[in-house]
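# okay, sequence plus prediction incoming.
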Amino acid sequence: MTIKGLAKKIFLIEILKGMALTLKMMFTHAVTRQYPEEKREPFPGFRGLHALVRKEDGTARCVGCGLCAAICPSQCIHVYTSEGVSHEKIVDRYEIEVSRCVYCAFCVEACPFRAVVLTDHFEYAAYTRDDLYMGKEKLLSNWDRFMAGKKGNEYFEKFWHPLSSDFSASGNQAIFKKINSEG
Amino acid sequence: MITVTINGKKITLEKQVTVLEAARSAGIKIPTLCHHETLEAFGGCRLCLVEIEKIPKLQTSCTIYITDGMVVHSETERVVNARKAMLEFLLINHPLDCPYCDKAGECDLQDLAAKYGPTTGRFAEGKRTHPESYDDPVIVRNMERCISCTRCVRMCDKVQGASAISMVNRTSKTFVEPFSGKRYDCEYCGNCLSVCPVGAIMSRMYKHKYRPWYIDKNINTICSYCGVGCSVTAQVKGDSLVRVVPEMGKGLNKGLLCVRGRFGYDYVNSSARLKTPLIRRNGELQQVTWSEAFKYAADRLRDIKERYGSEAIAGIAGGRCANEDIYIFQKFIRGVLGSNNIDSIANFSYAPAQRFFERIFGQGVTANSIQGISNSDGIFVVGGDPTSINPILGLQIRAAYQQGIPVITVGDTPGLKRFATCMLKPNPFTETALLVSLLSELKVKKQFLGGNSSFERLINNISALSMKEVEDICGLPTDNIASAVNMLSNMTNPSIVIGKDILQRTDGHINLLLLSAIMYLINGRVYLLSEFPNEQGLVDMGCLPDMLPGGRPIEIESFKKRYEEIVGLNISSTHGLSLSGIIENAYTGKIKAIQIIGENVLSNIPDSNYVGKAFSNLELLIVQDSLMTETAGLAHVVLPSLSWLERKGSYTNLERRMQFMGKAVEGDGLEDWRIISEISKMLSFDMGYKGLEDILSEIARVSPLHKDITYNDISGDECIWPYKGEPLRHGVSLEGMDVPDIGSLLKKPAKDRVYAVFDKELFHPDSLSRKSAAISSISPEPCSRVNRALADRLSVSEGDYLNISTDAGSIEMAVKIDEDIPENVVMIPNNFEGKGIFNIMQWKLNPVLKCPVLDGNEVKLKKAEARS
Amino acid sequence: MKRALLRNIDNTNSADINEYIKISGYASLLKALEMKPSDVIDEVKTSGLRGRGGAGFPTATKWAFASMDPKFPKYLICNADEGEPGTFKDRPILEKNPHQLIEGMIISAYALSAEYGYIYLRGEYPNACNILNNAIKQAYGKGYLGDNISGKGVRFHLHVHQGAGAYICGEETALIDSLEGKRGQPRIKPPFPVNEGFLSRPTIVNNVETFANIPYIMEIGGEQYAKIGSPQCPGPKLFSVSGHVKTPGVYELPMGTTLREIIYTHCGGIKDDKKLKAVIPGGISTPILPADKIDCPMDFVSMPRYGSMLGSGAVMVFDESTDLVKVCLRAIKFFEHESCGKCTPCREGVGWMRAILKRICDYNGRETDIEHLLEVSENISGNTFCPLGDGAATVVQNFIKHFRGEFESKIKI
């Protein structure tokens, strides 16, 4: 040990330094947020609670292609479809096991119809697992609560980049006219 | 030896094959769309273009054959660009509705576009549109998606031989359509939809209900409709069945299926499925618990056994039960209940025919590979239409004909109409005279002079009929017979396909003798058409009144002793009653209790009224079935058994190949063997099986034929005759096969009478398919067939209803006019409840074969009153 | 020059067998029947006759292949499915001189030991059908057709089959499929029709004009014939001239006559004495030639040197007032309509080219369209199953090659 080191020990230099910093910080603003009283606005594109997009006519935009279920790394999306009276594809059930989701938003990217989103809502703790097993109606109501209106559109403009433009400009596909009235 | 270089890799091949095949044999991938292994080359999609040195243009590898020293490049820039261009072309008129299309995920075009194609399309002008067609009940056509690869058309023309669909229009407006433009008028094999690379032709049965990536399990199993035993794959999502599909190139069917296999599987989810055990109380079937049902059944069986003796109890096994079930069943009836009265529907046609041939030629004579049919140099079909009884076997005959192999048919074989070199259609019930003349002419042609063996002497003693007489009796021109004989005598390795019509005749045993003689003379291989998936199993597992497992006669002491030792039960050595005997004795009250597993006896054997009365005389009728049938409706105890797809087991097909069927889904009920062993336990004999393996190992010990057999053998590639065991060796027994008195055969059918003939329909072979919604939508009601002349005489036209009556009863049925059947015959199917030929048909027993004789059923016909 | 193929054409009753016999018709047949079949083939070989259907394949070589094949029976088919736009050269033979065709077919059948012949006639020629049927009846009557031709023990039966209006059925294998009652689509080659054609038997398919040349060769001898016109592909040739000329029509001229001579000497020059803009020399699928290239001799060998092909000899003349982009669009519309739908590039690609051309014609073209069009046509050419798709691609490529300016002017406005 050098003499310098010995001196530091004897005069408690390190402790004084620390105390000085503490003293200094007493006069600055606090950084701790007082959650839940004080909430922070999430950044755009935040990946929170799931929602299914509701079209203007009140129905879900989802056509049941199942690409979200196919790409989901935690296998937490379940889609059940059937044939309707006029041979269209009907989404009977669309279920997300929210408690198993890893919030990668691959489902959002895979969706060719902009039908599923991750909203910026993140406060959805529940007392039972069943509450976190969300069906179609619940997911649609999530859209109404958190994304409806301008917010949803902005989200898609900024964060949805389908690989092929063919799906977005599908006006001349007879079959798409049936399912995607918004075009 | 031909050596080619593909992408720098030297490949040496013996045969001259296409460049594509050469590349694939070396593991080099060349994308294709219109190419398919089972179909001939087409060269239309242009995806398989390759660059070949010294040829300036790119060549399609599926059409160009390799030559020695050829140098091929499949991944040069030029080829890659051309491939990309072809995919771009294919996609300009292909709707990009993949999210909506059911094919997505297993679509060839999608896969290729993802792998090789352009990422964006440049075609901005409007795509063609074409409305989706739902005119057909089971097949949906979306011709917007069609890429004109013509795989379906080639499949339909060349493999299935139905020629039901065609390309329509030209240019980019080309699409595929059945000739009606609406509904298909075809055999509904559905092989077109299994070769469609895109979503243009698809099944409606699972439309919009699945995505390929949802499927959790693929279970290999065997189709449960007929004796061919086609391999199919059941696909399961979670705990529910998604669909049953074939796998191209797999199994003895090589991925081809018939209407029953492809669309008929939905009976598994039919509303007629039994869910709980039922017991008849106060005249009504009431739901009870399993233990109640077991106890009730056991108590009643014990009671009847004590009161009337074992001989008052009988068992009838069904052709759709697995080998394990029927083994346990015969063990239960024989050993536990002490009665040899056990039989099955196999004894009505399949088993007697097989036994007849085996007596002359030895055990296993019918065990011939179905694939061998198309490799033979001639085919002789007699006694039924293979394309409706065993459609996949029928396809082999069609394929053989298309290769130029002569096909001779005797009788009504509408499915081979365009695939027969010579069709002999004798007057109804005069096949015997025709066979006599064929045999006697063959003897001359083959210069047969008799021989030393007893069978040769027997053949020699069969006297001839003059051609004039035959012409008179059969109504066939002598030229036709002569040309058939000519063809037969030129065959060196022919296949003889025999249906049950030929033996369910008064002279059925003589017909079989004549066929044996013909077979002997032309060195033929015999195939017996089998209507149930496990008819052979019924024979092999000892569900016969006189045979123990392995086809061992019960009266031979050593076999009986071995059985008793291994099973641990004593059995009687007297022959039991056969199926007809059981029914008769039930009618007269000698049989008091019958246990039936998996068979709708009331519907599937003739004279339902008689059978119904016999069953209602019983004190106890136990029916184990997965569906509520007419027979179950009469039962005192109904025990729901598990259906096909819900249980494991093994089937033995008509070529005596054992195949394994897997379990795909859970169902209500128990396996038949489990039900029987529970009842047995109540009767104080605990069979003690823990699973199927225990049963099979017991079978392997009891039956010398199935020695050392395990499930590994059965689920492996080939488990064919004679397995690892020993066939029964016995001398030629010609007992009861006397030389027929040819003079007695000279019966001319009365022209002024009309006879009913059982029409074995493709869509509804028996009472099972009517429980399938899909098949019922294809063929919703029974239809009788008459000749136009007869129709005119009755003043009925197509679509009218006909009243058909005999002494036994009468039925009403729609009429179809068929020019190809004789004038004095009405063809009646037996496929709908209360409306089948067996409701009105009476029968007697053939004294030698002990099978029913169905000829000479005279009917009265009149036009039915108009229906609303 | 004395007419060889249309010699009796001015006679209003020229289709009658007696009129034909008057001008020493069927004499060549009798002459040929005296020769050995192989000598007939040799004679045709000496003459250097090339198929007049468009490809210019040496006729004797084709015949030799078929005569070497041991399979019997052999079939002889006359391709009278004259569907190429601008081509109407066979029509005068069919309607005015049918017996020369029939005689040619009988001689060919004798040379090849074929016993059955078919004339696959274009569906749009109902008159020719009547005339041909009548002529065949007359030939049977005179004993030139039947089981024992002219008492020489030679057997040949001839039938007329009317097509149903498909351009593709001019392709020989599609023609054979159509004749068999199937959908008319080209077959995979090999096997070639000379080995496995109609009903899988050796089959010779020749053009009407080719057959019509046979009696003439027999008449004057192969050596004499070889001296007519161009040395490499000799003989008389029918040119059907249409478009902006003063006297359009069918002209029988020796092979190798230059395009200039045809237009200015024989057809009297351009209509209204306007300036020549372009010529399509051999039917719509041959490359277009600009006005400065019309000094080319019209034969199978010379035309490729000028960047075009002789094809069927259908000369289409366009004067300076013609909108060539529209011509191009019209041609592509034809190819789109006639694409049989078998192979991808032709089925889809030609329609795509039509869509782009339509856009340009409607002044809605985009800057990239010409390159795009060229790229599509390059993707088609060489990759199609039969030459139909190649033909369509060639049209677009050559129109753009020679007249790019016209395309550009439509886009820039």
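It's in. What you see is a predicted model; the values in this text were computed from it and never measured.
# ok, then the element right after the lengthiest strand in chain A?
Scanning chain A for the longest strand, with DSSP state E as the assignment, gives strand A:89-97. Using DSSP states H and E, the helix or strand that follows strand A:89-97 towards the C-terminus is helix A:106-110.
# who's in contact with that next one?
With C-beta atoms under 8 Å, 6 or more residues apart in numbering or on different chains as the test, helix A:106-110 has contacts from A:50, A:67-68, A:70-73, A:77, A:116-118, A:159-161. Any C-beta I mention is one placed from the backbone N, CA and C, and that applies to glycine too.
# helices - which of those residues land there?
Secondary structure from DSSP state H places A:67-68, A:70-71, A:159 of those in helices.
# give me every residue that touches the residue most central in space within chain C.
Closest residue to the average C-alpha location of chain C: C:Gly53 at 3.0 Å, with C-alpha atoms, centre = their mean. Neighbour list for C:Gly53: C:79, C:170, C:206-207, C:209-210, C:312 [criterion: C-beta under 8 Å, 6+ apart].
# scan those residues and report the most crowded one.
Within those, C:Ser312 tops the neighbour count with 30 neighbours, counted by other C-beta atoms under 10 Å in any protein chain shown.
# hang on, the earlier thing: is it possible to get a markdown table of the contacts of C:Gly53 that adds secondary structure and distance to chain A?
Below are the contacts of C:Gly53 laid out as a markdown table (DSSP: H, G, I helix; E, B strand; the rest coil; distance: C-beta to the nearest C-beta, whole Å):
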| residue | secondary structure | distance to chain A |
| --- | --- | --- |
| C:Asn79 | strand | 41 |
| C:Gly170 | helix | 35 |
| C:Asn206 | strand | 47 |
| C:Asn207 | strand | 44 |
| C:Glu209 | helix | 47 |
| C:Thr210 | helix | 48 |
| C:Ser312 | coil | 39 |
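# closest one of those to B:Val259?
When the contacts of C:Gly53 are ranked by distance to B:Val259 (C-beta to C-beta), C:Gly170 comes first, at 41.6 Å.
# so how far is the biggest helix by length in chain A from its chain's centroid?
Longest helix in chain A by number of residues (criterion: DSSP H): helix A:13-25. Chain-centre distance of helix A:13-25: 43 Å, with C-alpha atoms, centre = their mean, to the nearest Å.
# what pLDDT, on average, does that helix get?
Average pLDDT, helix A:13-25: 92.
# list the buried ones in that helix?
Residues of helix A:13-25 classed as buried by neighbour count (16 or more other C-beta atoms under 10 Å in any protein chain shown): none.
# if we can go back for a sec, in JSON lines: the contacts of helix A:106-110, plus neighbour count, pLDDT and distance to B:Gly383.
Output for those, formatted as JSON lines (neighbours: other C-beta atoms under 10 Å in any protein chain shown; pLDDT from 0 to 100; distance: C-beta to C-beta, whole Å):
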{"residue": "A:His50", "neighbour count": "27", "pLDDT": "93", "distance to B:Gly383": "65"}
{"residue": "A:Leu67", "neighbour count": "24", "pLDDT": "90", "distance to B:Gly383": "55"}
{"residue": "A:Cys68", "neighbour count": "23", "pLDDT": "92", "distance to B:Gly383": "57"}
{"residue": "A:Ala70", "neighbour count": "19", "pLDDT": "90", "distance to B:Gly383": "52"}
{"residue": "A:Ile71", "neighbour count": "16", "pLDDT": "90", "distance to B:Gly383": "57"}
{"residue": "A:Cys72", "neighbour count": "20", "pLDDT": "91", "distance to B:Gly383": "58"}
{"residue": "A:Pro73", "neighbour count": "10", "pLDDT": "92", "distance to B:Gly383": "61"}
{"residue": "A:Ile77", "neighbour count": "22", "pLDDT": "94", "distance to B:Gly383": "57"}
{"residue": "A:Val116", "neighbour count": "25", "pLDDT": "90", "distance to B:Gly383": "62"}
{"residue": "A:Val117", "neighbour count": "28", "pLDDT": "90", "distance to B:Gly383": "67"}
{"residue": "A:Leu118", "neighbour count": "24", "pLDDT": "90", "distance to B:Gly383": "69"}
{"residue": "A:Phe159", "neighbour count": "16", "pLDDT": "71", "distance to B:Gly383": "72"}
{"residue": "A:Trp160", "neighbour count": "14", "pLDDT": "67", "distance to B:Gly383": "67"}
{"residue": "A:His161", "neighbour count": "7", "pLDDT": "60", "distance to B:Gly383": "68"}
